[in-house]
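In: Sharing a sequence plus its predicted fold:
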Amino acid sequence: MKDIGTKEKNKSKKIPLIRPYIDKEELEAVRKVFESGYLAKGPTAKIFEKEFSEYLGIKHASAVTSCTTALHLALVCLGIGLGDEVIVPDFTYPATGHVVFHVGAKPILVDIDLKTFNLDPSKLEAAITENTKSIIVVHLFGYPADMSPILEIAQKYDLSIIEDAACAIGTLYKGKKAGTFGDIGCFSFHARKLLTTGEGGMLVTDNEEYAKISHSMKDFGIRVISDKIYFTHPGFNYRLSDVLAAIGRVQLIKIDKILEKRKNLAKVYTELLSDLEGVKPPYIEPHITHTYQSYVVLLDENFGMKRDEVIASMAEKGIESQIGTYALHQQPCYKRLNFNPKNLINSAKAYQNSLTLPMFHHMALDQIEFVVNTLKDIQKNR
Ligand SMILES: Cc1ncc(COP(=O)(O)O)c(C=O)c1O
């Protein structure tokens, strides 16, 4: 099979999980920032913020060092603190829950829908108490959370919504972009994300007050009043440097191409996997657009082998694969919250049986074929 995109010929059988799509244009943009002398706080991050907000169709964007710092700032903007509870899906990268501890609040872990790997809205109401202030909704792996019922419940109980859109640039739910449904959306530009600056993130909102707080708190708590700098709050240094923002600007120009390629690669994977017993490819519904930030399948008992053994066997053949992500209630720093594992069964299953297969922009079709054939061989020879 031929490459469907670039000319990369990968004859070696080493297949990495990801390979960032960065080339000459990004290097050139960084060179210009070097020449400008503004390596930290300069004009480029501001321009990137404007372009990113235009891409999403949202009023404000605030460029930060990561999605984790964006999520932390989001909680600060919403005034969440000691004694408050914040609902978090149990199956997510732990940063989603960690930030709740950072503001002194308590994460309340809720189970997921195993089909989508996202928060199960039917389990939400049972988790709400008089202390609940907010829901952090995750659009995991680029698949949108089921926003309609979540928004309805949030409205009914007067709860704010933070979207963890770390994996979800370009993800659509009923035609609307992930990150623009809630009070605040948070994106990641980590090297595994579809738009990358190596490390980086963005907080987005339509709310002017939240935007002001975010801009100030990411910059030491500075407010400029009558051209004078005042430190009105003890803020952080969460600013994205101009060097990284320059990379982000170039990546944003390429994002549609990146997303299109991703969809094509996923289609090939899903077709080739269709006759492999015990492997569920990513779920799709007509009203959503999955961007496959990670191509994650779910193994069941029919596969006949444990997921971790599959990862080890693939590694022996030169293929890097990985777990989907983590069940928070099983991590040591969440155990002290004593959540009942019986209420988090789907998350536990996803943590144990999800498998991320390699996918990157320059992946050739014969590389996908090799991954799927290797899975088939591993199953046959188990
Ligand atoms: C769902 C989710 N939230 C948050 C994060 C943290 O993002 P960052 O590395 O930009 O802090 C990640 C990172 O993988 C993630 O997958």
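Out: In hand now; what should we look at? Quantities reported herein were computed from a predicted structural model and do not represent experimental measurements.

In: Tell me if the longest helix seen in the chain is near the ligand.
Out: In the chain, ranked by residue count with DSSP state H as the criterion, the top helix is helix 242-273. No. Using CB under 6 Å from any ligand atom as the criterion, no contacts between helix 242-273 and the ligand are found, and the smallest distance is 11.7 Å. The way it works is simple: take the backbone N, C-alpha and C, and place the C-beta from them, glycine included.

In: residues in the stretch 151-300 of the chain within reach of the ligand, list them.
Out: Within the stretch 151-300 of the chain, the residues that sit near the ligand (CB under 6 Å from any ligand atom) are 164, 166-167, 188, 190, 201.

In: Neighbour-wise, which one of the residues you listed leads?
Out: In terms of neighbour count, residue 164 stands highest of these at 32 neighbours, by other CB atoms under 10 Å.

In: Next, count neighbours for the closest residue to residue 103 other than its chain neighbours.
Out: What sits nearest to residue 103 in space, not counting adjacent residues and going by CB to CB, 6 or more residues apart in numbering, is residue 75, at 4.6 Å. Neighbour count for residue 75, taken as other CB under 10 Å: 24.

In: Over to the closest residue to residue 179 other than its chain neighbours. Which of the three states is it?
Out: Computed as CB to CB, 6+ apart, the closest residue to residue 179 that is not its neighbour in sequence is residue 185, at 3.1 Å. The local conformation at residue 185, judged by DSSP: H, G, I helix; E, B strand; the rest coil, is strand.

In: before we move on, back to that, for the residues of the stretch 151-300 of the chain next to the ligand, give me JSON lines that also has distance to residue 275, pLDDT and secondary structure.
Out: JSON lines is the format used below for those (distance: CB to CB, whole Å; pLDDT from 0 to 100; DSSP: H, G, I helix; E, B strand; the rest coil):
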{"residue": "164", "distance to residue 275": "35", "pLDDT": "98", "secondary structure": "strand"}
{"residue": "166", "distance to residue 275": "33", "pLDDT": "98", "secondary structure": "coil"}
{"residue": "167", "distance to residue 275": "28", "pLDDT": "98", "secondary structure": "coil"}
{"residue": "188", "distance to residue 275": "35", "pLDDT": "98", "secondary structure": "strand"}
{"residue": "190", "distance to residue 275": "34", "pLDDT": "98", "secondary structure": "strand"}
{"residue": "201", "distance to residue 275": "40", "pLDDT": "98", "secondary structure": "strand"}
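
In: Might you report the residue contacts of the residue nearest to residue 103?
Out: 86, 99-100, 102-103, 105, 134, 162 (CB atoms under 8 Å, 6 or more residues apart in numbering).

In: Need those residues in JSON lines (columns: neighbour count).
Out: Conversion of those to JSON lines gives the following (neighbours: other CB atoms under 10 Å):
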{"residue": "86", "neighbour count": "26"}
{"residue": "99", "neighbour count": "28"}
{"residue": "100", "neighbour count": "24"}
{"residue": "102", "neighbour count": "13"}
{"residue": "103", "neighbour count": "17"}
{"residue": "105", "neighbour count": "20"}
{"residue": "134", "neighbour count": "25"}
{"residue": "162", "neighbour count": "29"}
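
In: I'd like to know which of those are part of strands.
Out: Secondary structure assignment (DSSP state E) places 86, 134, 162 from these within strands.

In: which one of the residues you listed sits closest to residue 267?
Out: residue 162 (31.9 Å; CB to CB).

In: doesn't residue 187 make contact with the closest one?
Out: No. With contact defined as CB atoms under 8 Å, residue 162 and residue 187 do not form a contacting pair (12.0 Å).

In: ok, residue 14 - contacts?
Out: Applying CB under 8 Å, 6+ apart, the residues near residue 14 are residue 318.

In: can you check residue 321 too?
Out: Residues in contact with residue 321, defined by CB under 8 Å, 6+ apart, are 17, 310-311, 314-315, 355-358.

In: State the distance from it to residue 272.
Out: Between residue 321 and residue 272 the computed distance is 15 Å (CB to CB, to the nearest Å).

In: okay, and for the stretch 151-300 of the chain, where does confidence drop off?
Out: Within the stretch 151-300 of the chain, not a single segment meets pLDDT under 70.

In: rewinding a little: right, is the helix or strand hosting the residue nearest to residue 103 up against the ligand?
Out: With elements delineated by DSSP states H and E, residue 75 resides in helix 67-77, which encompasses its position. Yes. Looking at helix 67-77 against the ligand by CB under 6 Å from any ligand atom, the contacts come from 67-68.

In: Can I get that helix in CSV? Just the C-alpha atoms.
Out: In CSV, the C-alpha atoms belonging to helix 67-77 read as follows (Å, rounded to 0.1, in the frame of the first residue of the first chain):
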residue,chain,number,x,y,z
CYS,A,67,-3.7,22.6,29.5
THR,A,68,-3.0,21.8,33.2
THR,A,69,-2.3,25.5,34.0
ALA,A,70,-5.3,26.5,31.8
LEU,A,71,-7.5,24.2,33.9
HIS,A,72,-6.1,25.5,37.1
LEU,A,73,-6.7,29.1,36.0
ALA,A,74,-10.2,28.2,34.9
LEU,A,75,-11.0,27.1,38.5
VAL,A,76,-9.5,30.3,39.8
CYS,A,77,-11.6,32.4,37.3
